[in-house]
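Peer 1: Okay, sequence plus prediction incoming.
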Amino acid sequence: MKAFRGQPSIYKNKEKARRPADIQIKGLSLSFGGVRALTNVDLEVKSGELFSVIGPNGAGKTSLMNCITGFYHPEAGKIIFNGNEIQNLHPHELVKIGIGRTFQNIELFPGMTVISNLFLARHIHYSYGFLPACFFSRSVKEEEIAHRRILEEIIDFLEIQSVRNKPVGSLPYGMMKRIELGRALALEPDLLVLDEPFAGMNLEEKEDMVRFLLELNRAWGQTMILVEHDMAIVMSISRRIAVLNFGEKLTEGAPGEVVKHPEVIKAYLGDDNNL
Amino acid sequence: MDFFMQLLIGGLSVGFVYGLSAMGFVMIFKSSSVLNFAHGELLALGGYFFLIFITIVKLPVILAFIFTLLACFITGILIERVFLRSLIGEKLIFVIMLTVGLAAMFKGLLLLIFGGNLYTYPDFLPAAMGIQLGVVQVPPVYVATFGIGIFFLVLFGLFFKFSSQGIYMRSVADNQRASLSLGVNVRRVFALSWAIAALVAGMSGVVLGIINGVNVHDLSALGLKVFPVIILGGLDSIGGAIVGGLIIGILETFTGGYISPSLRDVIPYIILVFILLVKPYGLFGLKEIERV
């Protein structure tokens, strides 16, 4: 088996500057009935950043991610992606303008093979129509091969060659997480939103995942926002971090600054005045 | 032997119609988990659309058929847009109750406009379409049914396998959230599944109308027959719907021919009960196995 060298062609000729993914969140608020999930949250993520959002359980991290990816629509506030307001767009429209995501609880098609799962993500890039597809014409064949080539590069990069043709449902949890990342990459997103990419993984799987994310970000300039519980990982890989608690942003900054922030210590360790 | 063949051919072609009509039902169930209790009324609507186009507007048969399919397709989209879209995200039981309401509404409307009489289409199928198989005479209606059935079966098979929309429909049926994250317009998929379901139901309505005549009560009761068919085939299997339809169709005609015509309409439901006892997931249904 040929080892993976260099960067996948989907990243070739696409320097950081040519894959802009600036996102600004202004005054975002969201509530479910009486529960305020997000209150007046401001954030800014620049192209090429690896930005993490942390916070205790129920802090609104996933709600924030769901707003960015269009699964929820905020009641107030704006989300601006590369200069366009996107808070009212639907998930399928956001995928087309370059926002890909993974889920906290894996959302794959368990009965299908790994490669079919990945192929499904390529559909937004397909250009051929129904009739040529029925006859499997030459242009269709060529296009399929081009897509397959990109997928094989992603497969090599994520080191999932051995499970390529296995049904996803039969794979271990950590592997499924990796397949889900692969499927999000197959969309060729400019901004990748990862909801707890390390949840439920063992140490070895976490190390692999860290390696993939760092390489994606540092070598190829993939802009990423990730939500995570594992503080050690977040502190070591993120360029900047925002801390949420009860739907409000406590602070934002480099990892070293954030951990020293008194509000953050209070949110995570409790307040000793109440003891 | 002649009698047997006659029954077999009749059973197969009626079964084809049941299968097609059940396919529409399965399509809605697969993509949105909704049990559509208005299926029989969609069938009746198809029958009456054809009646309008052929006897009142007096269109040529082919045109009338195409317009009927078109009208059914649009009806399906309208049902989704007007009644169901606002219920997206609500509990399934509300949506299912809504389809019960739709059934009553459509049935009432048809009764209001056409009354409970039995209408028949003018005899438009050429006698030459009948086929002589040895001593068995296959009537033109059955030949037409086979033709239409196979044509649409192949068409839908190709649609689900090779078109992006078809693949999206299957993906939404499998995992809605994942499909959303891959750029699938789930609302369009819902609308399309209702449109296609109404189309195939309407088509079945036309064919059944040719065989038995058009009557609101009869056609909407025939719609109920999708239940034994899909339970037999497995609720979420399109191929299963066709096979289930064929089996129910054959069972019906054989019971009617060999045992008693009055048992004919009951036998599918007797089968339904037995299948639920023995094989609750149907012949081709997906048995969900979860890794814990």
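Peer 2: In hand now; what should we look at? Numbers count the residues shown, from 1 in each chain, chains lettered A, B, ... in the order given.

Peer 1: Can you show me the strands along chain B?
Peer 2: Using DSSP state E, the strands found in chain B span residues B:131-133, B:136-138.

Peer 1: Mind giving me the packing neighbours of the last one?
Peer 2: Judged by 3 or more CB pairs under 8 Å, 6 or more residues apart in numbering or on different chains; DSSP states H and E, strand B:136-138 is in contact with helix B:2-32, strand B:131-133. From N, CA and C alone the C-beta is placed, and that goes for glycine too.

Peer 1: Out of the ones you listed, the one nearest chain A is which?
Peer 2: Relative to chain A, the nearest member of those by CB to the nearest CB is helix B:2-32, separated by 13.1 Å.

Peer 1: Make TSV out of the strands of chain B and add mean pLDDT.
Peer 2: Listed next are the strands of chain B as TSV, based on pLDDT from 0 to 100:
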stretch	mean pLDDT
strand B:131-133	78
strand B:136-138	80
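
Peer 1: just these: most buried one?
Peer 2: Most buried of the strands of chain B by mean neighbour count (mean count of other CB atoms under 10 Å in any protein chain shown) is strand B:136-138; its value is a mean of 16.

Peer 1: Neighbouring strands of that one in the sheet, and parallel or not?
Peer 2: With DSSP bridges as the test, strand B:136-138 is paired with strand B:131-133 (antiparallel).

Peer 1: what about the partner strand, distance to the chain center?
Peer 2: 27 Å (CA atoms, centre = their mean, to the nearest Å).

Peer 1: One more: stretch A:227-246?
Peer 2: Centre-to-centre, stretch A:227-246 and its host chain are 14 Å apart (CA atoms, centre = their mean).

Peer 1: Kindly report the same for stretch A:91-104.
Peer 2: Per CA atoms, centre = their mean, the centroid offset for stretch A:91-104 relative to its chain is 9 Å.

Peer 1: So which bits of that stretch are buried?
Peer 2: Within stretch A:91-104, the residues that count as buried by 16 or more other CB atoms under 10 Å in any protein chain shown are A:Pro91, A:His92, A:Leu94, A:Val95, A:Gly98, A:Ile99, A:Gly100, A:Arg101, A:Thr102, A:Phe103.

Peer 1: now do stretch B:178-189
Peer 2: Across stretch B:178-189, burial judged by 16+ other CB under 10 Å covers B:Ala178, B:Ser179, B:Leu180, B:Ser181, B:Leu182, B:Gly183, B:Val184, B:Asn185, B:Val186, B:Arg188, B:Val189.

Peer 1: any chance of those in a markdown table, plus pLDDT and distance to B:Leu219?
Peer 2: Output for the buried residues of stretch B:178-189, formatted as a markdown table (pLDDT from 0 to 100; distance: CB to CB, whole Å):
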| residue | pLDDT | distance to B:Leu219 |
| --- | --- | --- |
| B:Ala178 | 90 | 38 |
| B:Ser179 | 91 | 34 |
| B:Leu180 | 90 | 37 |
| B:Ser181 | 91 | 41 |
| B:Leu182 | 92 | 39 |
| B:Gly183 | 90 | 39 |
| B:Val184 | 91 | 34 |
| B:Asn185 | 91 | 33 |
| B:Val186 | 88 | 31 |
| B:Arg188 | 90 | 29 |
| B:Val189 | 91 | 28 |
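
Peer 1: what subset of those is also close to chain A?
Peer 2: Contacts with chain A within those, counted by CB under 8 Å from any CB of the partner chain: B:Ala178, B:Leu180, B:Ser181, B:Leu182, B:Gly183, B:Val184, B:Asn185, B:Val186.

Peer 1: What sits closest to the second one if chain neighbours are left out?
Peer 2: Translated: B:Leu180. Counting by CB to CB, 6 or more residues apart in numbering or on different chains, the nearest residue to B:Leu180 once its immediate chain neighbours are dropped is A:Pro91, at 4.3 Å.

Peer 1: and that neighbour, what does it touch?
Peer 2: Contact partners of A:Pro91, counting by CB atoms under 8 Å, 6 or more residues apart in numbering or on different chains, are A:Thr69, A:Gly70, A:Phe71, B:Leu180, B:Ser181, B:Gly183.

Peer 1: and A:Ala59, that's in a helix?
Peer 2: No - going by DSSP: H, G, I helix; E, B strand; the rest coil, the assignment for A:Ala59 is coil, not a helix.

Peer 1: sorry, back to before: in helices, which of the contacts of A:Pro91 appear?
Peer 2: Among those, DSSP state H puts B:Leu180, B:Ser181 in helices.

Peer 1: Select, from the contacts of A:Pro91, the two members most distant in space.
Peer 2: Spanning the widest gap among these are A:Phe71 and B:Gly183, at 13.3 Å by CB to CB.

Peer 1: Relative to A:Cys134, which of the buried residues of stretch A:91-104 is nearest.
Peer 2: Nearest to A:Cys134 among the buried residues of stretch A:91-104, with distances taken as CB to CB, is A:His92, at 24.6 Å.

Peer 1: My guess is that closest one contacts B:Val189. True?
Peer 2: No - between A:His92 and B:Val189 there is no contact under CB atoms under 8 Å: 9.9 Å.

Peer 1: hmm, back to that, out of the helices and strands packed on strand B:136-138, the one nearest B:Pro261 is which?
Peer 2: The closest of the helices and strands packed on strand B:136-138 to B:Pro261 is helix B:2-32. By CB to CB, the value is 12.0 Å.
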